[in-house]
Every structure is written in C-alpha cells, then in structure tokens.
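*Asks:* here are the coordinates; sequence isn't available:
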C-alpha cells in the first residue's frame, strides 16, 4: 500500500427534496452568488425556480450565467470570471452535472488570479487561492460534485485538459436522485460509464497490498452493473437512481485510490477524442477502455482475472488464466453494448485520419508517456485506436 | 435508501513515517497543545520523543497529560479540561488509540463549557463549540481518529456512555501502520473485532435499497477476515497492518451508514459490561454480537443469508435459508474464537448476578428500547445474556 493523503470535506446533503436546503447552505458562506447552469431543462423543470426561491428566502442575491455545454468551454469560464469580478461575487453555485460544476470550478480558480486561467490547466501556473463552489447535482457522472477536478475544453486550440486541486473541492453538494429522472437514456448510460471508469482507472494499478480498496472498487462496480440497466428501464426508480448518484461521488472523491496509484490513460486518450470531435465523454470512454484492456492485460493477468471473477462474475478457468481475463473484458464490453454505448470509433463516426494528431497531442509528440499501469507511448495509443476502430 | 448527510473533513495522513509531519499539521491550527496519551509504551518506544521533537521543530509548546486507560475515565477528562483552561490551550493532540482520542474529545467539549462535561454524555446539554483535536493513531480499533464519537466511563456511577458531534471530529489523523506493530496479540484481536463491529452494527439495518453500502460493508468485512489473522501471525507485516488501520477509519467515519440506519444494540449492551467489569471493549462485543445475531436473525433471514454467503463464504442452501443464516453466524463466532476472542460471558468471568442491573441501565428500567434492527426491551437483553452466558 502506498502512503496517501485523504480528505473529503464536501458536505453531502443527499436525498429527496434536498435542493430545498440550498439557500440555507449558501447562507453559511455567502450573501451573493453566481448561478451557473446549462440551459432549458433545468429552467423548464422548475428546478432553477425552486433554487432561486430558496436563495431569495435567505436574502441571497444571485447573478446567472447559463448555456453550459458538454465538454465545457473555456470561453464561458472566462465570461464567468469577468462577471464575478464585475459583481464582486465570492461564491459560485453550480446546478447540473460535470460540465456546470467544472465550469464553476474554472471560474473559481480564475477570479483571484491575475493571469489567464488556462495557465493552470497547461501547468504554466499553480493557483494560490480560489473562491468557493457549491453544487446542486442533477446528472450523476463526472463525480465533480465532491472531487478536486475540473476539465475544460479550449475550443480555439482543440484542447481538453483536466486540472485538480483541493482549492476547488466543492463546499457542499446537494444530491436529490429525483432530479436525475429526466436524463435521456443515452446520457444515463454515458454518465454511468464515466462513473464506472473513475473506479476502473484506479482499479488497474501496480500498487500491491490494496485488498481493501480493491474490494471497495469491486463493490461499487457490481452495484453499477446491477443498477444502471434498472435505472434505464425504470427512469423513476428512486433506489436505482440513488445508488448511481452516490456511486458517482464515491467513485471520484479520492476514496477509491487511497493507497494506490490510478492509471487514467483511457481518460487522457478520450480527452483527445472529445477535444476534436466533441463527443459525449462516457461514450468515448466505452470505446477506448475495452481496447486498452485488450492491449495491456498481459502486463498483469492475475489482476484481470480478479476483475473477471469478482466483478464480471466469470467462472474462473484455473488452467487458463488468460481466457478468464479476456472473458472479463468481453463481458464488460457486452455490458457497454447492452446499455447502448458505442464500443467502436466508427460508431462515433471517427475515422483514422486524425489518429496521429491525437496520439501526438496526448503524448506531447511522443515526449512523455500516458498512464501508470502500463505507461503508453504514441505507438501504443495508435495500436489502441486500431483495436477499437 | 434513507436521506443522509455525510461529511468527513478529517485530513488523513497515512503511511510510513507520517508521524514526522505532526509538527507541521499542528502548526496550521495552534502554537500550544495538550498532549494526551496512555503511558509507558508510547514513551518507551520513542514515539512521544519523536512527536515532541517534531512539535519543538515548529516552535509549538506542549503540556502533557498521560495515564489514559482503556474505558477512559471521566476523571481524567476533567483533569484535562482544568489543565487546558489553566494553560490557555486551544488544541489537543491525542497519541494512541480510542481511549486517548475519546479522552481528548471529552476535554475538547468541556473546555468552552461552563457546566459539567458529563452533561453532554447524559443528554442534559448540547455543546455549542469545542476546541480542536488532532490524532497520531497507534491502535486501530475505535475508529475515533476520524469519527464524531467519544465514549467515556464515569467510574463513580459505573456508567459508560457515548456521545457524537461533528464538533469533535478530528482535524487531522496521522496513521502510520508501523506504530501498530507492537500491540499485543489479544489487543489486535479485540481492536479488530471493534472495527468489524462498527460495520456489522450498520450492516444489519431495516433500510432497503442500500446495495452500494451493503457491498462496501461486505468488502471491508472480508478484508478484515483475511488480514487480522495475518497481522496476528506476522506482527510486522506492513500490508496487513495498513489494511486493518485504514479499515478502522472507514468503518466508523460515517461512510458505511450513508443511506441506512445502524443498529448498535450490541455496542450499547457491551457498554454496560464495560462500565461494571472494565473488560476490553472488543472482547465484550465478540461475546454479545453472535448471541444478538442468534436472537434476532429471524427478523430478516434474507439479510443474514446475504451476510453468510457474501461475507462468511457459506455455500447457500437454497431450500433452507435459515440453515444458511445460522451457518453464517456460526462462522463469525468461529472466527472470533480463532483470533482468541471470548464468545461467552463466563470467559470474561461475568456471572449472571448483575444481568438485571445491566439490562435495567441499558433500557432505562425498561422505559426505552435499544437498537433499531430489532428494538430490544429489557427481557430481550436478558435473553441475549442467556445465549452467551
């Protein structure tokens, strides 16, 4: 087990009607907020109205910025920064999923910083402070509601880059599973894939003696295998929605990698797809990850056997561990197919014409490797693309 | 799934040599501390010297109070309160296991309170504030290093009562598994039993649709079943010690009961044993819990079957679920025996002469019930004593 540091101070307020507490939670830290959300659905559903009523009841002022899109844009982050400065706002309330929250986190980093907020994403600067962020979660997926991460797309440069800092872990996350009832099926599947991937990226590690976190990861993944199809078949099944929503946070708040070192190569490769093709993140991951598994499983067959048996319920072939390992990967791929995710680049209408460009960007023109389980070079990424073309 | 609130802000600093960071961690919050620990072992091992060196290096003053015993005494808590006031101390550093930490938490509650700190334990008053507590953990057991709980014994009144408040969740917990190498075998077993019990008390719940937390509980318990015998056979096995230490925190920091309602009847009954007989807490739990299981399993046979199959590895008898349920309870009892725990009151030299008194104290003379899975009355507690006499 590796030495580690873990602290997850986000105050989780989970359950039915929990969004009605938002005014009370904000009041503890601010009297004026920037409200960040996507667009019509939150407005139409009445959620924004309920939230602003709750703010109003506590005498909290707000300014709105909406129009957050998937693969959230740097340009909107910059608009938000300017607005916060202009309005002297010191707290941001994100309403939505990862895109709204990651936009809010980008703004939070940028407000007290004199330079270009993009500096933090490209490693040119390290933030010394950030203003606070609170969340009303509607889409369980990114886990951003209690994580330290933000991922933003620089649309001008076709770059999608993540950044992590304790400074931007949300102060509170209000999570009412009912708010996720209206998510379209495809997005439930994509969001759930992202949730599973946050654990899978940590599960495949070279750290030894991590039995406890292995088992926590396995428990979370097994829950998702059961609950995701249930939530898709019965959109208003509270239990299924609640399990998925809580799994989404636990998958990415740092718990699942205590004592271990995550890989995250599939995320990095997917970010290249997302930056160019603006695809849904979870869909991109469902394509890349099974191919990554097939490409690297021989590095640690025993771990893939453990995954196959404990998570994917494969009957172990004791004589042929490789068969068992491959059966586990196959079952995961079948699961993605079952929930309607693509597993081939062609299904996302991505040809091979920009593979080189993406592999170059991902590895800094082959100057650095990607991932830790098996550090990948440019050629490996091209091989992985070939496995899922 | 029940609505819940979860926030665990304790900064966990886990791993080899982590105690060397103590000066740095304290410095963030205080310049003078009360150092609370047990006795000779921490001193002899050189741990106290390493800690005070680290404090000194950061210019932090300290005052010591030692002599903490298992079933920590209210009298020592009161001494600590007086000392903090006299020395104008606003932060307490506990070094040890649950007894040192719970003493520190009691002191932390008492310092800013004008009345008798025992008021909080007996529900006569609610604390409005507390001074901060930090921890260097040496004994994984109580989970107090990142929990909201403190349990203190009022030796004059033969009462052992717990109290919980976010105000006393430690600011940081420094956890070096190597510090647990020297714990005597019997105490490893007793501490580990306590860790398992914190999860078991939450596992047996009437809350439905809690699959994710069920699986997290099961993963933690399975890890303990494997690692505890390993740590006892190989006291310097870092991996085993590390898994147990981290499990100890996760078992009691609130994660394992998100969305569910714990039972804790066995803990309450054991507190009565501890208050009168001053036995080791984990040993008392190993006696009470299997008897509790046998007494209540018919309330939810399916849950006990799940426990038997998923945790205790019992081959399911589909025709006879009760047999499977009972086999699971039997295996748990056998595990306690294997690690050297008592499973009968007689092994603790506890006769039946004070059963009535304990059952009366536990239920307020039969005026309230204990536990939530099956609310127990006085007669039930007497029946449970009879099952483990």
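*Replies:* Everything's here; your move. This structure is a prediction, so every number in the text was calculated from the model and none was measured. Numbering: from 1, shown residues only, chains lettered A, B, ... in the order given.
*Asks:* Show me which residues of the stretch 151-300 of chain A sit near chain B.
*Replies:* Proximity of the stretch 151-300 of chain A to chain B (Cβ under 8 Å from any Cβ of the partner chain) is limited to residues A:208-209, A:211-212, A:215-216, A:218-220, A:222-223, A:226-227, A:238-239, A:242-243, A:246-247, A:250, A:255, A:258-259. Backbone N, C-alpha and C define where each C-beta goes, glycine included.
*Asks:* got a list of what residue A:239 touches?
*Replies:* The neighbourhood of residue A:239, defined by Cβ atoms under 8 Å, 6 or more residues apart in numbering or on different chains, consists of A:227, B:1, B:208-209.
*Asks:* And those residues, which two are furthest apart?
*Replies:* The widest separation within these, taken as Cβ to Cβ, falls between A:227 and B:208 and amounts to 13.8 Å.
*Asks:* between these two, which one's more packed in?
*Replies:* Of the pair residue A:227 and residue B:208, residue A:227 is the one with more neighbours under other Cβ atoms under 10 Å in any protein chain shown, namely 23 against 10.
*Asks:* State the next helix or strand along the chain beyond the helix or strand hosting the more buried one.
*Replies:* Assigned by DSSP states H and E, residue A:227 belongs to helix A:211-233. Tracing the chain past helix A:211-233, the next element assigned as helix or strand by DSSP H and E is helix A:238-250.
*Asks:* Okay, buried residues for that next one please.
*Replies:* Applying a neighbour-count criterion of 16 or more other Cβ atoms under 10 Å in any protein chain shown, the buried positions in helix A:238-250 are A:238-250.
*Asks:* avg pLDDT for that helix?
*Replies:* Model confidence over helix A:238-250 averages 98 on the pLDDT scale.
*Asks:* What residues of the helix or strand hosting residue A:187 count as buried?
*Replies:* When elements are defined using DSSP H and E, residue A:187 is found to belong to helix A:185-203. Neighbour counts over helix A:185-203 (16+ other Cβ under 10 Å) mark A:187-203 as buried.
*Asks:* For it, name the packing helices and strands.
*Replies:* In terms of contacts (3 or more Cβ pairs under 8 Å, 6 or more residues apart in numbering or on different chains; DSSP states H and E), helix A:185-203 is packed against helix A:211-233, helix A:238-250, helix A:265-277, helix A:281-296.
*Asks:* try 6 Å this time
*Replies:* Under the contact criterion of 3 or more Cβ pairs under 6 Å, 6 or more residues apart in numbering or on different chains; DSSP states H and E, helix A:185-203 touches helix A:211-233, helix A:281-296.
*Asks:* and the angle from it to helix A:211-233?
*Replies:* Counting by axes from the mean of the first three to the mean of the last three Cα atoms, to 10 degrees, helix A:185-203 points 170 degrees away from the direction of helix A:211-233.
*Asks:* Residues in contact with helix A:185-203: which ones?
*Replies:* Residues outside helix A:185-203 that contact it (Cβ atoms under 6 Å, 6 or more residues apart in numbering or on different chains) are A:139-141, A:143, A:217, A:220-221, A:224, A:228, A:231-232, A:247-248, A:251-252, A:256-257, A:262-264, A:280-283, A:285-286, A:339-341.
*Asks:* Of those residues, just the buried ones, ChimeraX syntax please.
*Replies:* Only the buried entries of these go into this ChimeraX selection, using 16+ other Cβ under 10 Å:
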select /A:139,140,141,143,217,220,221,224,228,231,232,247,248,251,252,256,257,262,263,264,280,281,282,283,285,286,339,341
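*Asks:* Can you lay out the contacts of residue A:239 as JSON lines showing distance to residue B:332?
*Replies:* What follows is the contacts of residue A:239, written out as JSON lines (distance: Cβ to Cβ, whole Å):
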{"residue": "A:227", "distance to residue B:332": "28"}
{"residue": "B:1", "distance to residue B:332": "26"}
{"residue": "B:208", "distance to residue B:332": "23"}
{"residue": "B:209", "distance to residue B:332": "25"}
